[in-house]
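[1] with the input below, show me the fold.
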Amino acid sequence: KVAEWWDFAYSLLGKFGRYAITQNESENGMALQVYPAWWLNSAEVGYTLWAKGGPFHGVPDPARPGAMASAFSTIAGTDSASAASLLWTATSVAMVVASYRMGTRNGRLLEKRESEGSAYVYMAA
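    Model prediction:
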């Protein structure tokens, strides 16, 4: 089964590699792969913004719906970089608090079992 997946991966590389789509090995069996104009002209991709000195990346489109950071920035009234930073900070703090609470709970359970004289040590709750 794994060999079939490798064959599939190699077939994709053979067909779509080299910025061309290869249908067969004949002289006319290869066509250039063309990117859509809407994608090339998008500010998020950044081709139209690139210059010799940069920027070397795109600029996020603030009107694009569905992005968590942009939705959060709309609610918070801040720019997307600040909103993303605030979102990552809040997520990190929540994870630290949850880990701490799980650790203290596990410690209390272990202490209780040891005080009861249990011969078994539980590895997971």
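
[2] run through who's touching the helix or strand that contains Trp38.
    For Trp38, the host element (DSSP states H and E) is helix 37-40. Helix 37-40 is touched from outside by 45, 47-48, with contacts defined as C-beta atoms under 8 Å, 6 or more residues apart in numbering. From N, CA and C alone the C-beta is placed, and that goes for glycine too.

[3] just give me the neighbour total for Trp5.
    9 (other C-beta atoms under 10 Å).

[4] and it, what are its phi and psi?
    phi -70, psi -40 (degrees, to the nearest 10).

[5] per-residue pLDDT, it?
    Listed pLDDT for Trp5 reads 94.

[6] try Gly103
    Looking at Gly103, the pLDDT reads 90.

[7] for Arg113, give its distance to Asn41.
    65 Å (C-beta to C-beta, to the nearest Å).

[8] between these two, point out the one with more neighbours.
    Neighbours were counted for Arg113 and for Asn41 using other C-beta under 10 Å; Arg113 has more, 14 against 10.

[9] and that one, how far is that from Ala43?
    Taken as C-beta to C-beta, the span from Arg113 to Ala43 is 60 Å.
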